[in-house]
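S.K.: Have a look at this prediction, sequence included:
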Amino acid sequence: MIPRFTTEEMAGLWSETNKYQFWLKVEQAVARAQAQIGVIPKSAYRKIAKAKFNLKQIAKYEAKTKHDLVAFLRSVETSLGPEAKYFHFGLTSYDIVDTALSLRLIKACDYIIQAISELLVTIQRLAIAHKETIMIGRTHGMYAQPITFGFKCLSWYEELARNLARIQQVREDLRFGKIAGAVGTYATVSPQVEALALKELGLKPEPVATQVIPRDRHAELLANLAILAGGLERIATEIRNLQRSDIAELAEPFAPGQTGSSAMPHKKNPELSERICGLARIVRANALAGLETIALWHERDLTNSSVERITLPDSTTLIHYMIKLLNKILTGLVVYPSRMAKNLAQSLDQYFSQNLMLALLKKKMAKTTAYRLTQKLSFASSEKKLSFKELAMKNSQVKKYLTAKELEKVFDLKLLLRNIDYIYKRVNLKKEGESDD
C-alpha cells in the first residue's frame, strides 16, 4: 500500500524485513521441535536459534533463483556453517510461508480490533451526547419522521460492534499453521514436530492441509474486511450527505490553513469521508480476488500467491487506516442542532401524516379514505407552504372524527420519539449517572 494510506503499525507488520523475521521465527520453532524429539542434533538447533539473514543477500539470491523462500534459506545458511544442512529439514516452502502468514494476519487483526474498539468509544460518546438532539429522519433522501442524531449514531455503534465480533471470530479462524510437508501428508516431517512447533507459536495444526492451508480462511478474512469497509462507508456517506450545503447539519473538522478548493476559497468539502468511501471500493474488490483464490489446482498451484501479496497486506492496512481516519473525523465532528431544528421545521409538520391517518382509522374512517385525505392535506401543505397541522385542524372532514384535544395528541412530537429510551436500553447505552431501571 502506498504511504499515503498506510499506518505505522501496518507498515512495520508488512515490511519485507518483518516477513523474513517471521519466516525465521517459524523455521526456528520447527528446528527446536525437531531437536526435542531427536530428528536433528540439539547442537544444530542451538546454532539455528542464533541464525540471521541479510536483506541485500536475499535480493541477490532471488534475482537468480526467482524464489524468495529459497533466497531466504540461502542467506540464512551462510550464517550457519555445517549446521545449515539441518535448516528447513524435511519441509516445503509453504510450511513456512503459510504458518508465518497466519501469525502476521493475527497481528493485523489485533491492530484492527484495537482500532475498532477506540472508534466504538468515540461513537458511543456521540450517541449519548446527542440522544435528545432532534432531527428529521430521511428515507429515499426525502423527509420521513423525526429521529435524534444520537439514535443515528446508535445504529452506527451497533453495526460496528457486530463488525468487531466478526473480526474477533475470523482471528480465531486464522489461528492455524501447517508443518506437514510437500502435499500435507507428513511424508518428510512428523505430526509431532508440527504439534510442538505450532504450540510454541500459539497456533493449531490445520486439520487437513494440502501443500497450503485452505484458502477459505483467508477469503473469510477479506470478506469480513469488506463488510467492515461497508460499515465505515455507511457512516462516511451519511456525514457527506449531512454536510451538503442544502442540509448542513454536520461538518467534518476543518483545520486552520486547510484548503477546500484551489478555485473556490469558500469550499469546505467532506474530503476525508469521501476518502473512506473511495478506499472501501478497493477493500471490496480485494474480497472478490480472495474468493477466487479458494479454488486451487489439485494440492495447490501458485495463483493464490500473487493475489495474496497484494490483497492481504493492502486490505488489512486500508481498513486500519480507514478506522483511524473515521475516528479522527468523528472526534472532531461539528454538529449543528439549530440547523437540524430548522430542517425539521421546513417539513411543515408533514411527518405527522401517519399519526393522523392512524387516528382517523381508530375512529372508524375507511382506510382508503383516511389515506387519501391525509395525503391530500400533506400535498397541500407542500404546495401552499402551510403547516400540515394547521390544515388538519381546520379541515371539516378531520374535525368530524377528531376533537381539538385528540388532534393535539396526534401532533405531539414526544409521542413519535417516546421509544428512543427503549432502544438505547436494548443496546445498553445510557448517559453517565443513569440507572438501569
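M.R.: Good, I have the coordinates. Here the structure is a predicted model, which is why all the values come from computation and not from measurement. Numbers count the residues shown, from 1 in each chain.

S.K.: residue boundaries of the strands in the stretch 251-400 of the chain?
M.R.: Assigned by DSSP state E, counting those that start in this stretch, the stretch 251-400 of the chain shows strands spanning 334-335.

S.K.: Tell me where it is predicted with low confidence.
M.R.: 260-263, 267 (pLDDT under 70).

S.K.: all helices for it, in order.
M.R.: Here the stretch 251-400 of the chain has its helices, by DSSP state H, counting those that start in this stretch, at 271-292, 303-331, 337-346, 353-362, 367-384, 388-394, 396-401.

S.K.: Quick one: work out the angle between the fifth one and helix 353-362.
M.R.: Relative orientation of helix 367-384 versus helix 353-362 (axes from the mean of the first three to the mean of the last three C-alpha atoms, to 10 degrees): 150 degrees.

S.K.: re earlier: out of the helices of the stretch 251-400 of the chain, flag the one nearest residue 198.
M.R.: Of all the helices of the stretch 251-400 of the chain, helix 303-331 sits nearest to residue 198, with 20.2 Å by C-beta to C-beta. Using the backbone N, CA and C atoms, a C-beta is placed for each residue, glycine as well.

S.K.: List the buried residues of the closest one.
M.R.: With burial defined by 16 or more other C-beta atoms under 10 Å, the residues of helix 303-331 counted as buried are 304, 307-308, 311-327, 329-330.

S.K.: How about stretch 230-240?
M.R.: Neighbour-count burial for stretch 230-240 [16+ other C-beta under 10 Å]: 231, 232, 233, 234, 235, 236, 237, 238, 239, 240.

S.K.: residues contacting the fifth one?
M.R.: Contacts for residue 235 were tallied using C-beta atoms under 8 Å, 6 or more residues apart in numbering; they are 156, 326, 330.

S.K.: Would it be right to say that it lies in a helix?
M.R.: Yes. Under DSSP: H, G, I helix; E, B strand; the rest coil, residue 235 falls within a helix.

S.K.: about what we covered before: as JSON lines, the buried residues of stretch 230-240 with pLDDT would be great.
M.R.: Putting the buried residues of stretch 230-240 into JSON lines (pLDDT from 0 to 100) gives the following:
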{"residue": "231", "pLDDT": "98"}
{"residue": "232", "pLDDT": "98"}
{"residue": "233", "pLDDT": "98"}
{"residue": "234", "pLDDT": "98"}
{"residue": "235", "pLDDT": "98"}
{"residue": "236", "pLDDT": "98"}
{"residue": "237", "pLDDT": "97"}
{"residue": "238", "pLDDT": "97"}
{"residue": "239", "pLDDT": "97"}
{"residue": "240", "pLDDT": "96"}
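
S.K.: Of those, which is the nearest to residue 122?
M.R.: When the buried residues of stretch 230-240 are compared for distance to residue 122 (C-beta to C-beta), residue 235 wins out at 10.8 Å.

S.K.: do you know how far that closest one is from residue 34?
M.R.: Computed as C-beta to C-beta, to the nearest Å, the residue 235 to residue 34 distance reads 50 Å.
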